[in-house]
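*Asks:* A structural model of the following input is requested.
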Amino acid sequence: MSAEVDVLLQEAKESIEAAQNYRSELQQRLHGLNQARKQVRGSSGQAREALRRHFGELQTAANRLLTERLAALLAEVDAIEADSIKPLDDCQSLIEHGVGQADELLREGEAALRCGLGEKEDKLGSFTKKAMHIQLDSLPEVPALVDVPCVSAQLDDSLLGLLRDRVSRHGSVSSHPPVQIEELQERPGSILVRWCKVDEDFAAADYRLQYRRSGSGGSQYEDAYIGRDCEFLVLHLDPHTDYLFRVCARGEGRTEWSPWSIPQTGYTTLAPHEWCPGTEGYILSSRRNIALRNESSQTRYSVLYSNAPTYFCGQTLTFKISAAGQMDRRDTLGVCVDNVSRVESLQRDQAVCISTNGAVFVNGKEMTNQLPAVTVGSAVTFDMEVVNLFPISNNNLSEGGNFKLRVTIGSGNREVVFDWLVDQAVDCLFFGCSFVHSGWKVLVF
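*Replies:* Numbers count the residues shown, from 1 in each chain. Below you'll find the model as predicted:
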């Protein structure tokens, strides 16, 4: 009997656990539905607000433009009227003056005819002289109607049709943006953002990536990248800080951008790569990620190391050259196990590096393979992965290191791949550079 009870108890426990899991799954799905509903309602509200604001601005601007155009046309009418009326007014004044003289002459002539014989000769003589003086045969010229302006307004009715056609096609509403963020990878002091098209019918000419700090106190979105690539490394980010990323696209032959993708939150826990401050012969930027070789060094030891061993296998380390000085075969960019002081370059044991002439060195020995020379604008990358974690020889390290790393160094459009043997297992490495001459400027990320 007790065995049956135990079986029933076990079945009851399993059923309770299954019910709990079922309820938990349902609650997660409810949470997902709430998030989806929140996204739909929130994005719809934002779309309505954007439409109202945009068309309100258009209405205001269109009304202002129409008012300004009306005022300009009315001013033209006023100017034509004023210029045309003035000579007519002058002519009217001249005619009215002549009419007044003629009226006065008529009165005098009628009076001379009615006077007595004794006065008639004198008055008729005076009247005749006055009539000759007025020049009754001289009349002012009045312009014909065809010679004076007939002001009219020419209004093209097609404007309304064109406006109606453009307005009917202006703007659009989309339920899904054509591009979405696919992946956010943390890097030292940075995040690698990858995106992809989700609308295969959309032909993208350019992409636009923006980011900002997350939270209520976050700043406004700012552009990080505009171009044709589908990934970009956003630098100068503070570790353990949430950032929001969004991306949009611009179609072939279009000027407007597509709707933004759904914002994605990313952060990095990795401290940014920094050069070691206080190294003689080098000036560092405020973030310590840019180093400039200056002329103040009085020593032949010119290696600048990282502030700490912050490079981990599986990451990509990049050196970007923004200025170049005179080239020397001892110049190096590379990665090392330790930060040994008082050395001329990284062409030494426990280090891999590339010289500015393109030569590659492994533990101080030059390889036969060579990369392009390093110049302004060059980007040199280091990628490493663990190949062997176990000792090859416990008795004689000179026969081979007991820790093997596969190293890929890229420069220009070429790369070399080789195995690097080190004397001890390491989980983090230093990076460094050395330049004999001044003028070299290198950014590390």
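*Asks:* Show me what the helix ranked longest in the chain packs onto, helices and strands only.
*Replies:* The longest helix of the chain (DSSP state H) is helix 2-114. On a contact count with 3 or more Cβ pairs under 8 Å, 6 or more residues apart in numbering; DSSP states H and E, helix 2-114 meets helix 117-134. To be clear about C-beta, it is placed using only N, CA and C from the backbone, and glycine gets the same treatment.
*Asks:* now with 10 Å?
*Replies:* On a contact count with 3 or more Cβ pairs under 10 Å, 6 or more residues apart in numbering; DSSP states H and E, helix 2-114 meets helix 117-134, helix 158-169.
*Asks:* mind putting these in a markdown table, mean pLDDT and distance to residue 353 included?
*Replies:* Below are the helices and strands packed on helix 2-114 laid out as a markdown table (pLDDT from 0 to 100; distance: least, Cβ to Cβ, whole Å):
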| stretch | mean pLDDT | distance to residue 353 |
| --- | --- | --- |
| helix 117-134 | 69 | 114 |
| helix 158-169 | 88 | 59 |
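*Asks:* Let me know which of those helices is tucked in deepest.
*Replies:* Burial of the helices and strands packed on helix 2-114 is given as mean neighbour count (mean count of other Cβ atoms under 10 Å); helix 117-134 ranks first at a mean of 12.
*Asks:* any idea how far residue 155 is from residue 69?
*Replies:* Plainly put, residue 155 is 11 Å away from residue 69 if you go by Cβ to Cβ, to the nearest Å.
*Asks:* Need the overlap of contacts for those two.
*Replies:* Residues touching both residue 155 and residue 69 (Cβ atoms under 10 Å, 6 or more residues apart in numbering): none.
*Asks:* and the angle from the longest helix of the chain to helix 158-169?
*Replies:* Using axes from the mean of the first three to the mean of the last three Cα atoms, to 10 degrees, the inter-axis angle of helix 2-114 relative to helix 158-169 is 170 degrees.
*Asks:* since we're on residue 289, how many residues are nearby?
*Replies:* Neighbours of residue 289 under the rule other Cβ atoms under 10 Å: 21.
*Asks:* Is residue 181 located within a strand, as I assumed?
*Replies:* Yes: assignment of residue 181 by DSSP: H, G, I helix; E, B strand; the rest coil places it within a strand.
*Asks:* Torsion angles phi and psi at the residue lying closest to it once chain neighbours are set aside?
*Replies:* In space, and not counting its chain neighbours, residue 181 is closest to residue 264: 4.5 Å by Cβ to Cβ, 6 or more residues apart in numbering. Per-residue torsions, residue 264: phi -120, psi 140 (degrees, to the nearest 10).
*Asks:* Need the pLDDT of residue 264.
*Replies:* Note for residue 264: predicted pLDDT of 94.
*Asks:* again with residue 147
*Replies:* Per-residue pLDDT puts residue 147 at 82.
*Asks:* try residue 177
*Replies:* Note on residue 177: pLDDT of 89.
*Asks:* that older thread, switch the helices and strands packed on helix 2-114 over to CSV; also include distance to residue 412.
*Replies:* As requested, the helices and strands packed on helix 2-114 are exported to CSV (distance: least, Cβ to Cβ, whole Å):
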stretch, distance to residue 412
helix 117-134, 103
helix 158-169, 47
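*Asks:* those strands in the stretch 201-350 of the chain, which residues are they?
*Replies:* 204-213, 222-227, 231-234, 243-251, 264-266, 282-284, 290-293, 303-305, 316-323, 332-336 (DSSP state E, counting those that start in this stretch).
*Asks:* How far away from the center of its chain is stretch 20-37?
*Replies:* Using Cα atoms, centre = their mean, to the nearest Å, the mean C-alpha position of stretch 20-37 is found 38 Å from that of the whole chain.
*Asks:* Averaged pLDDT, it. What do you get?
*Replies:* Stretch 20-37 shows a mean pLDDT of 92 in the predicted model.
*Asks:* what ranges of the stretch 1-150 of the chain fall below the confidence cut-off?
*Replies:* Regions of the stretch 1-150 of the chain meeting the criterion pLDDT under 70 cover residues 1, 112, 116-121, 123, 127, 131-132, 135-137.
*Asks:* related to what we said a few turns ago, would you list the strands of the stretch 201-350 of the chain in a markdown table and tack on distance to residue 78?
*Replies:* A markdown table is the format used below for the strands of the stretch 201-350 of the chain (distance: least, Cβ to Cβ, whole Å):
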| stretch | distance to residue 78 |
| --- | --- |
| strand 204-213 | 49 |
| strand 222-227 | 49 |
| strand 231-234 | 59 |
| strand 243-251 | 47 |
| strand 264-266 | 61 |
| strand 282-284 | 69 |
| strand 290-293 | 65 |
| strand 303-305 | 76 |
| strand 316-323 | 62 |
| strand 332-336 | 75 |
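*Asks:* Can you mark which positions in stretch 372-392 are buried?
*Replies:* By 16 or more other Cβ atoms under 10 Å, the buried positions in stretch 372-392 come out as 373, 374, 378, 380, 382, 383, 384, 388.
*Asks:* Actually, stretch 434-441.
*Replies:* For stretch 434-441, by 16+ other Cβ under 10 Å, it's 434, 435, 436, 437, 438, 440, 441.
*Asks:* Need the max-distance pair from these.
*Replies:* Across the buried residues of stretch 434-441, no pair lies farther apart than 436 and 441, at 14.9 Å, counting by Cβ to Cβ.
*Asks:* what's the closest of the helices and strands packed on helix 2-114 to residue 228?
*Replies:* Of all the helices and strands packed on helix 2-114, helix 158-169 comes closest under Cβ to Cβ, at 27.4 Å.
*Asks:* sorry, back to before: between the strands of the stretch 201-350 of the chain, which gets nearest to residue 114?
*Replies:* The minimum distance between residue 114 and the strands of the stretch 201-350 of the chain falls on strand 243-251, with 98.8 Å, by Cβ to Cβ.
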